[in-house]
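> here is my input, please return the structure:
(chains A and B)
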Protein chains: 2
Amino acid sequence: MDSATTYENLSVLENGWFREINTSWDGFSLNLKVEEVLFQQKSPFQDVLVFKSKSFGNVLVLNGIIQCTERDEFTYQEMITHLPMNLHPDPKRVLVIGGGDGGVVREVLKYKSVNEVVLCEIDQMVIDVSKKYLPNMANCLEDPRVTINVADGVEYVRNNPKQFDVIITDAPDPDGVAEGLFQKKYYSELLSCLTDHGLMCCQGETTFLDLPLIKDMASQCKEVFPSVGYAVGNTPTYVSGVMGYLLACNKPDIDFTKPLRRLSEEDVEKMDLKYYTSDIHTAAFSLPNYARKALKGIVNSCT
Amino acid sequence: MDSATTYENLSVLENGWFREINTSWDGFSLNLKVEEVLFQQKSPFQDVLVFKSKSFGNVLVLNGIIQCTERDEFTYQEMITHLPMNLHPDPKRVLVIGGGDGGVVREVLKYKSVNEVVLCEIDQMVIDVSKKYLPNMANCLEDPRVTINVADGVEYVRNNPKQFDVIITDAPDPDGVAEGLFQKKYYSELLSCLTDHGLMCCQGETTFLDLPLIKDMASQCKEVFPSVGYAVGNTPTYVSGVMGYLLACNKPDIDFTKPLRRLSEEDVEKMDLKYYTSDIHTAAFSLPNYARKALKGIVNSCT
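This is a model prediction of the structure:
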């Protein structure tokens, strides 16, 4: 741990700390203290790093950017999953694009109505290291309802029209392998891939740092889908502390802020939800004024 | 900028970066790139540092912990001010404890009903550096409605019973000069210092990292006040990205989630609000399930 390792985007392991650096948020960086580097290799798609941190459990890093930590991954997995799932009246078939760590699949499997989850992850190495180092996320990939495709999500979506009730895109930032997952063409293929009253939810970046990108994503999405929503939640280890979620539905009159199922306190306990509640669902669509103003007129949930 | 400067709590200026370190969140640290150190001195109360950052404007640091940056200070100042102000039917006299940077006073002065703001800041050096390096926050301290007391807030509150409609405690963390501002005795003196339908709002730490402390603060507050509320907002440069706000009112039947004044889009523009809206007010009281469970039964706004 004494010598410095620098990743493609300049993030470093140095003096016992992992320092995340990204040119999209120049001069602002999250650091986690490293106890042990568990895995470090270049896959055909990206730099893959797993380390044991001092206070956040094991941490998965792709191309120098933190993807998840064992301590706070629930915040992201729950929001990206339960927001769209509770806006669908009866989700049976669910597609997860990316998400090779298994976290989203784990949350999807909490719904009894679900009889099939297809995971389409491009990078086998992400699945393998997650099974080994993030067992609480990846263990669910052995569930008989899960089908794993190691394949390009864009292509998979194109070749499977009218198949899924909910599609969740759990992708890294759009400057690497995931670039195609933030474009109009992809949204249009998602639309074709959904059944009636189908919903999609994508990782939606962070309002404070990425507002022009979010506006662009939402606009492209709105050109394709009749209804678009945007919600936020707190994930401590994403820089600025916020993760956004871009949602879209092929129904024109959906109110994203009102979940179709209100979860009782008992439901929330049974589903082992640590972040999501029905109140959080509604609250997540209230954006800080600077973001509300930027997205008003594009995003239906912004008034 | 090449030599390392270490602060009392181990935060460092090194290799052109400021690294915030605090033993309360061991192994997790925010870093800001430094362009120039503008001020660095020990006051009788604390280490005071101001630097010009690469992407967040000027930054005020007390005892090694970031207090505010020019770029995101609005998130905190607006929430700690407009939450209690909009729960009071007609706030005329407002007391700000701490807050020597002037940010909270600036927000309070946006209400026409206010005819006096008393600022009670213990450290003259904080006021002086803010006037020099954070003019958009501290300029308002020249307003004729503002009275500045360089004095101990605890003592001031004790000696001025039944004086204020709203009291805002804008304090650093409770491990230094501000320790007395997180205790039952202080809450009890705040209660005596308030007029009828009086409200207080304190900096309330961060749910993800400080839940036991928050539970303790809220419990002590609830022993004194008939109604206690707890809200959250996003401040990118506070570690974990969340800042909490502890509110209390001497009326037993207040609903913290419902502002008494709903601000129109025009009001929000006129008041130059970048974060707070009436929707954000209500949403801010919906806590992630782990925090809701911890505070339920103590905090009235948690159900």
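
> could I get the full set of helices for the stretch 1-150 of chain A?
Along the stretch 1-150 of chain A, counting by DSSP state H, counting those that start in this stretch, helices occupy A:73-85, A:103-108, A:124-133, A:135-138.

> and these as TSV, adding mean neighbour count, distance to chain B and mean pLDDT?
(Glycine included, C-beta is placed from N, CA and C.) Below are the helices of the stretch 1-150 of chain A laid out as TSV (neighbours: other C-beta atoms under 10 Å in any protein chain shown; distance: least, C-beta to the nearest C-beta, whole Å; pLDDT from 0 to 100):
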stretch	mean neighbour count	distance to chain B	mean pLDDT
helix A:73-85	26	7	98
helix A:103-108	27	13	98
helix A:124-133	19	18	98
helix A:135-138	19	16	97
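
> can you give me the strands in the stretch 101-250 of chain A?
Ranges of strands within the stretch 101-250 of chain A are A:116-121, A:146-150, A:164-170, A:194-203, A:227-234, A:242-249, based on DSSP state E, counting those that start in this stretch.

> got a markdown table for the ones you listed, with distance to residue B:271 too?
Listed next are the strands of the stretch 101-250 of chain A as a markdown table, based on distance: least, C-beta to C-beta, whole Å:
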| stretch | distance to residue B:271 |
| --- | --- |
| strand A:116-121 | 47 |
| strand A:146-150 | 51 |
| strand A:164-170 | 38 |
| strand A:194-203 | 33 |
| strand A:227-234 | 22 |
| strand A:242-249 | 23 |
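
> possible to save those as a markdown table with distance to chain B, mean pLDDT and mean neighbour count?
Output for these, formatted as a markdown table (distance: least, C-beta to the nearest C-beta, whole Å; pLDDT from 0 to 100; neighbours: other C-beta atoms under 10 Å in any protein chain shown):
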| stretch | distance to chain B | mean pLDDT | mean neighbour count |
| --- | --- | --- | --- |
| strand A:116-121 | 23 | 98 | 23 |
| strand A:146-150 | 25 | 98 | 16 |
| strand A:164-170 | 20 | 97 | 26 |
| strand A:194-203 | 16 | 96 | 23 |
| strand A:227-234 | 5 | 98 | 25 |
| strand A:242-249 | 5 | 97 | 25 |
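
> hmm, back to that, and of the helices of the stretch 1-150 of chain A, who's closest to residue B:38?
helix A:73-85 (35.7 Å; C-beta to C-beta).

> helices along the stretch 201-303 of chain A, start to end?
A:207-224, A:265-270, A:278-283, A:289-295.

> report how many residues lie close to the residue in the stretch 151-300 of chain A that chain B sits nearest to.
The stretch 151-300 of chain A approaches chain B most closely through residue A:241 (0.9 Å), counting by C-beta to the nearest C-beta. Residue A:241 has 27 neighbouring residues, counting by other C-beta atoms under 10 Å in any protein chain shown.

> for residue A:215, see how far away the closest residue to residue A:147 other than its chain neighbours is.
Computed as C-beta to C-beta, 6 or more residues apart in numbering or on different chains, the closest residue to residue A:147 that is not its neighbour in sequence is residue A:118, at 4.9 Å. Distance from residue A:118 to residue A:215, counting by C-beta to C-beta, to the nearest Å: 31 Å.

> ok, is the longest strand along chain A in contact with chain B or not?
Under DSSP state E, the strand in chain A containing the largest number of residues is strand A:28-42. Yes - using C-beta under 8 Å from any C-beta of the partner chain, strand A:28-42 reaches chain B at A:28, A:29, A:30, A:31, A:32, A:33.

> mind listing what's buried along that strand?
Buried residues in strand A:28-42, counted by 16 or more other C-beta atoms under 10 Å in any protein chain shown: A:28, A:29, A:30, A:31, A:32, A:33, A:34, A:38, A:39.

> wait, isn't the fourth one in contact with residue B:19?
This points to residue A:31. Yes - counting by C-beta atoms under 8 Å, residue A:31 touches residue B:19, with 6.7 Å between them.

> next, the distance between the ends of stretch A:136-147.
18 Å (C-alpha to C-alpha, to the nearest Å).

> nearest to residue A:86, of the helices of the stretch 201-303 of chain A?
Closest approach to residue A:86 among the helices of the stretch 201-303 of chain A is made by helix A:278-283 (6.3 Å; C-beta to C-beta).

> so the closest one, near chain B or not?
Yes - Helix A:278-283 is in contact with chain B by C-beta under 8 Å from any C-beta, via A:279, A:280, A:282, A:283.

> check what pLDDT the last one gets.
Same thing as residue A:283. Here the pLDDT value assigned to residue A:283 is 98.

> no more questions from me, cheers.
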